[in-house]
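*Asks:* Just a sequence and a predicted model for now, questions to come.
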Amino acid sequence: MRSLDRFIKVDWQLGTVCAEAGVTLAEILALAIPQGWFLSVTPGTQFATLGGAIANDVHGKNHHLRGTFGRHVLGFGLLRDREVWACSATENAHLYGATIGGLGLTGVITWACIQLIPICASQINSTMVRFDNLAEFFSLSAELDHRHEYSVAWIDCLAKGESIGRGVFIVGDHAGYGALDVDKRNKLNVPLIPPLSLINNLSLRAFNHTYWHAHPSQRKQVRSGYEPFFYPLDRILHWNRVYGPRGFQQYQCVIPDSAAEVAMREILGVIADAGQGSFLAVLKRCGDIESPGLLSFPLPGASLALDFPQKQGLVPLFLRLDRIVHEAGGRLYPAKDAHMSGADFRRAYPAWEQLEALRDPSLNSHFWKRVTE
Amino acid sequence: MKRVLIIGATSAIASACARIWVEEGSQFFLVGRNAEKLEQCAADLTVRGATAVNVHCMDATDFAAHGVMLESCTAMMRQIDIALIAHGTLPDQKACEQDVGTALAELANNGTSVIALLTLLANQFETQRCGTLAVISSVAGDRGRPSNYLYGTAKAAVSTFCEGLRARMFKVGVHVITIKPGFVDTPMTQGLALPTALVAKPEQVAKLIVEGINKKKNTIYVPGFWRFIMMIIRSIPVVIFKRINI
């Protein structure tokens, strides 16, 4: 789909962009920032395409204020039955809802128009503070989230006992003054796949320990470019190679508010006991803004994302985590999933039957076959 | 800011070049066969910051239409800084062997239409006494190979024509660059079984073309390693060459 990469129309007065679905978020930012606009919602990589962002209804650090990407999609074209259907909240609304978060199953998104948000400067003012345990995370989130556009926390997934869920809380806002510059940092590269994963219990423990201690216990304000704030991993091309030839598997779940703290403590306990996990375990409170998408992932609650080096022991670990998520009434993120059971999926996403009914019969995916058959 | 005329403007390599030139503003006069695709390219360049974009629908093999096209181009831009000739097809060699009409039509698509356009453009550039004529030829023109010698013939004609034209235009300050791409991942090569290690992306090729134009290179192979590949292919003695199929 990357060859569908032309812009169609922009309106710098209203902050709307229409482009073909293969245009990447980075390409949109490169044009929008100098004009004083930014993506309403951005995931953790700017290499995603517009079509992919819609099909997975991605979310970002401002979910508590702006909801998912799908909420800012004004309309799109959907190719199915050899015809391009214009879809929006008012036109072909059933296809609009099914396609946002529809995992590409309703047809091929050919173009889309999105609404941007105005910014005064391209830089981000952020505040970071480390916290000692999970309870502190939830109190920091309750105190700070509503006051800042962006909020996220890094978690030391190996910490145990009293320190379970310790991490670094980061909030940020677009700077009120400054230049409108497109970040152009030199990219680093992982040139080859090492024979073994460089992420192992030892390196993980060392990194997490150092990272946590390197952050101040007092609140510290930092001004940075938008790239280091939103897209730290984009700096390192092929970063996934550090996981070795077997790669890694992501686990991302969201737990409803009522059970979030208890379930997160249990999940992190199980992970720490297993001694596995990633450099970047990300914990974030999601807000209650509804997405127009039928199968949108976020719920009002807390979302945790981790990357695990692929290995034998992962299956039983994931099964244990699945059980906790299930009992807490949470769910997994289909966009990042490679193991979810059909029963769990169908319980967590009751609207799946509506999507199945609107699926383009000529399209299917391994994921969809696994969870529906 | 540059004033750029592109013939075959909807081609993947041409579009990728235009996206580099548009970063400094630039005016475009886009020529192609498909009006809808031309409009899409024009919209894309406008969004990306082009100061002006005009489109002109024309089939390059319609020789009589060349004059009108050039007139409306100069009416828009007055002077052309870069003329990029990027149109072409990849003929079905087997079909060209079976049918004279097909062979001659493909020769027109890739060879004589380029020569006709360059003849007109050369006179225009001669009066303005500056600018660059950038012509996309091909590594295929370096040697006639059994797998696609009709295409190779057309491209060899273009390369040789450019060599002569370069020497003529040099005296009036106009630069002529012959561009010889190898395999590029474009709609033209879609469906062909090509060795993936040798296939370049249009963006990568475009970067090298724009660089070559800026540095006033005479002939560039894109990517550069094709110079060595073609050196080897050219040095294979005929007694062997005629016995192999490449």
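*Replies:* Yes, it's here.
*Asks:* Would you check how far apart the nearest residue to A:T99 once chain neighbours are set aside and A:V222 are?
*Replies:* Leaving aside its sequence neighbours, A:T99 sits nearest to A:T106 (C-beta to C-beta, 6 or more residues apart in numbering or on different chains; 4.6 Å). Using the backbone N, CA and C atoms, a C-beta is placed for each residue, glycine as well. According to C-beta to C-beta, to the nearest Å, A:T106 stands 42 Å off from A:V222.
*Asks:* can you pull out the helices in chain B?
*Replies:* For chain B, the helices defined by DSSP state H occupy B:12-21, B:35-47, B:66-77, B:93-98, B:100-107, B:113-128, B:149-170, B:202-214, B:226-235, B:238-241.
*Asks:* Just give me the neighbour total for A:Q249.
*Replies:* 19 (other C-beta atoms under 10 Å in any protein chain shown).
*Asks:* Who are the packing partners of the strand or helix carrying it?
*Replies:* Assigned by DSSP states H and E, A:Q249 falls within strand A:248-256. Under the contact definition 3 or more C-beta pairs under 8 Å, 6 or more residues apart in numbering or on different chains; DSSP states H and E, strand A:248-256 sits against helix A:257-274, strand A:301-309, helix A:314-327, strand A:331-332.
*Asks:* what about A:I170, which SS state?
*Replies:* strand (DSSP: H, G, I helix; E, B strand; the rest coil).
*Asks:* which residues does it contact?
*Replies:* Listed by C-beta atoms under 8 Å, 6 or more residues apart in numbering or on different chains, the contact set of A:I170 reads A:126-128, A:150-154.
*Asks:* Show residues contacting stretch A:339-357.
*Replies:* With contact meaning C-beta under 8 Å, 6+ apart, stretch A:339-357 is reached by A:98, A:102, A:105-106, A:249, A:294-295, A:315, A:318, A:322, A:325-326, A:330-332, A:334, A:370-373.
*Asks:* For it, measure first residue to last.
*Replies:* For stretch A:339-357, the first-to-last residue distance is 24 Å (C-alpha to C-alpha, to the nearest Å).
*Asks:* Go through it and flag the buried ones.
*Replies:* Using 16 or more other C-beta atoms under 10 Å in any protein chain shown as the test for burial, stretch A:339-357 gives A:340, A:344-345, A:348-349, A:352, A:355.
*Asks:* With stretch A:211-226 instead?
*Replies:* A:211-212, A:215, A:225-226.
*Asks:* same thing with stretch A:287-301?
*Replies:* Buried residues in stretch A:287-301 (16+ other C-beta under 10 Å): A:287, A:291-301.
*Asks:* could you dump the residues you listed to a markdown table with pLDDT, secondary structure and distance to chain B?
*Replies:* Shown next, in a markdown table, are the buried residues of stretch A:287-301 (pLDDT from 0 to 100; DSSP: H, G, I helix; E, B strand; the rest coil; distance: C-beta to the nearest C-beta, whole Å):
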| residue | pLDDT | secondary structure | distance to chain B |
| --- | --- | --- | --- |
| A:G287 | 96 | coil | 32 |
| A:S291 | 96 | coil | 27 |
| A:P292 | 96 | coil | 26 |
| A:G293 | 96 | coil | 27 |
| A:L294 | 95 | coil | 31 |
| A:L295 | 95 | coil | 31 |
| A:S296 | 96 | coil | 29 |
| A:F297 | 97 | coil | 31 |
| A:P298 | 96 | coil | 31 |
| A:L299 | 95 | coil | 36 |
| A:P300 | 97 | coil | 37 |
| A:G301 | 97 | strand | 39 |
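*Asks:* closest to A:N364 among those?
*Replies:* A:N364 has its nearest neighbour among the buried residues of stretch A:287-301 in A:L295, at 15.2 Å by C-beta to C-beta.
*Asks:* That closest one touches A:Y333, doesn't it?
*Replies:* No: A:L295 lies out of contact with A:Y333 (C-beta atoms under 8 Å); the separation is 10.6 Å.
*Asks:* pLDDT weak spots in the chain?
*Replies:* Reading this off chain A. A:1-2, A:279 (pLDDT under 70).
*Asks:* wait, chain B
*Replies:* Judged by pLDDT under 70, no stretch of chain B qualifies at all.
*Asks:* What residues does it have near chain A?
*Replies:* B:12, B:40-41, B:43-44, B:47-49 (C-beta under 8 Å from any C-beta of the partner chain).
*Asks:* Identify, from those residues, the entry nearest to B:G212.
*Replies:* Using C-beta to C-beta, the residues of chain B next to chain A come closest to B:G212 at B:A12, 17.6 Å.
*Asks:* With that, I have no additional questions.
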